[in-house]
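**Student:** need a 3D model of the following:
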Amino acid sequence: MDLDAYVAAHRATWERLDRLSRQRMLSGAEADEILDSYQRVATHLSVIRSSAPDASLVAYLSALLARARSRAAGTRAGTWSDVGRFFARSFPAALYRMRWWWLSVMAASFAAAVVMAWWLIEHPRIENSLMSQAQIEQLVQTDFESYYTEYAATSFAARVWTNNFWLAALCIGFGVFCLPVIYMLYQNMLNLAIIGSIMIRHGRGDLFFGLITPHGLLEMTCLFVAAGVGLRLFWAWVAPGARTRVQALGEEGRAAIGVALGLVVLLLICGLIEAFVTPSGLPTWMRIAIGVIAWLGFLAYVFTLGRWAHNAGEAGDLSEAERGAAVPTVG
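**Tutor:** Modelled structure (predicted):
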């Protein structure tokens, strides 16, 4: 076959398909034309591949057909409605589906923190091996309270937000290995128990709970969610069920990415509370009430909206993407 002659004979068809595939709006006739041209060019590509394969020409026609196929089939442009659908369906459904994982992590972690704090309070000599007396006095009298006012509120919120999300991302990312997640949880609960026991033993328990409760309830819950999702990834690898391990990890990994993006917003709320509510001049009861309301709002979000979305997905009323905490895109 004379390749040059073949190209010259069909170049106009290829160029026309190229223009149609790049055109923003198509009329009814043009939509029919792009389908007809697509079939013609696909035939041309087949002939060239079998008779006179030219790498650059094959690559050009393959790219042209891919673009035309996408244009003819229609691409789903990301919109703000996708974001709304994510937070109204996909994200809460994923949280509800994994609820026993993060609720178990939450219960075990809080229990461990209480036991460690009680043991430290009952054995006061331990705190002297952790810090000097001067460091303890400084923590109790100034450092713990001044931590929340050390930076400007806006920069402090950003700092807290990024640090917390980094920790949550590590819990999810290393979840497949299991032990790193358990270690990170242990370190966080141990630090909480140490500081809490010191503050309580020195008569500053009211200050400790008054400052840590407003943001801590939701913030720690987000950490437990991330840890639960991470451990779910580990279990998907250990016990994939009827799926292969690759399939199980792939499915749970996609859901984990969606949950991680949802946690970005939740941790932003935590950061704003910690920066603007925790150190504010509001009465302690009001600051705690704000934190409790935010936490209860999250639980209501999961166990009402999340349960509905999850059950709708089980019944087939949601798409596959919505069942797996699909990642929203905005265009």
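**Student:** show me the biggest helix of this structure in terms of residues.
**Tutor:** As assigned by DSSP state H, the longest helix anywhere in the chain is helix 205-238.
**Student:** now do the helix or strand just after that helix against helix 205-238, angle only.
**Tutor:** Later in the chain than helix 205-238, the nearest helix or strand by DSSP states H and E is helix 245-272. Per axes from the mean of the first three to the mean of the last three CA atoms, to 10 degrees, the angle that helix 245-272 makes with helix 205-238 is 160 degrees.
**Student:** how about helix 245-272: buried residues?
**Tutor:** Within helix 245-272, the residues that count as buried by 16 or more other CB atoms under 10 Å are 248-249, 252-263, 266-272. The way it works is simple: take the backbone N, C-alpha and C, and place the C-beta from them, glycine included.
**Student:** please apply the same query to stretch 137-155.
**Tutor:** By 16+ other CB under 10 Å, the buried positions in stretch 137-155 come out as 139, 140, 144, 145, 148, 153.
**Student:** quick check: the third one touching residue 194?
**Tutor:** Looking back up the chat, that one is residue 144. No. Applying CB atoms under 8 Å, one finds residue 144 not in contact with residue 194, separated by 11.7 Å.
**Student:** quick one: pLDDT of the residue most central in space within the chain?
**Tutor:** Central residue of the chain (CA atoms, centre = their mean): residue 260, 1.2 Å from the mean position. For residue 260, the model assigns a pLDDT of 93.
**Student:** how far does stretch 120-139 stretch from one end to the other?
**Tutor:** End-to-end span of stretch 120-139 (CA to CA, to the nearest Å): 16 Å.
**Student:** not counting its own residues, what contacts that stretch?
**Tutor:** 193, 194, 195, 197, 198, 199, 200, 201, 202 (CB atoms under 8 Å, 6 or more residues apart in numbering).
**Student:** for the residues you listed, which one is nearest residue 211?
**Tutor:** Nearest to residue 211 among the contacts of stretch 120-139 is residue 199, at 9.4 Å by CB to CB.
**Student:** ok, the closest one - how many residues close by?
**Tutor:** Neighbourhood size, residue 199 [other CB atoms under 10 Å]: 23.
**Student:** now name the helix or strand holding it.
**Tutor:** Using DSSP H and E, residue 199 falls in helix 179-201.
**Student:** how much does that helix deviate in direction from helix 205-238?
**Tutor:** For helix 179-201 against helix 205-238, the angle by the same axes, to 10 degrees is 170 degrees.
**Student:** check which helices and strands helix 179-201 sits against.
**Tutor:** helix 99-122, helix 125-130, helix 153-173, helix 205-238 (3 or more CB pairs under 8 Å, 6 or more residues apart in numbering; DSSP states H and E).
**Student:** the longest one versus helix 153-173: what angle between them?
**Tutor:** With the same axes, to 10 degrees applied, the angle from helix 205-238 to helix 153-173 works out at 30 degrees.
**Student:** what comes up buried for helix 205-238?
**Tutor:** 208-234, 236-237.
**Student:** now for the closest residue in space to residue 197 that isn't next to it in sequence, how many residues are close by?
**Tutor:** Nearest non-adjacent residue to residue 197, counting by CB to CB, 6 or more residues apart in numbering: residue 120, 3.8 Å away. Per other CB under 10 Å, the neighbour tally for residue 120 reads 22.
**Student:** ditto for the one 4 residues further on
**Tutor:** Residue 124 has 11 neighbours, counted by other CB under 10 Å.
**Student:** likewise residue 91?
**Tutor:** By other CB under 10 Å, 28 other residues sit near residue 91.
**Student:** and the helix or strand harbouring it, what does it pack against?
**Tutor:** Using DSSP H and E, the element containing residue 91 is helix 91-97. When contacts are defined as 3+ CB pairs under 8 Å, 6+ apart, helix 91-97 sits against helix 245-272, helix 307-314.
**Student:** in a markdown table, list these along with distance to residue 14.
**Tutor:** Formatted as a markdown table, those follow (distance: least, CB to CB, whole Å):
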| stretch | distance to residue 14 |
| --- | --- |
| helix 245-272 | 37 |
| helix 307-314 | 44 |
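**Student:** done for today, thanks.
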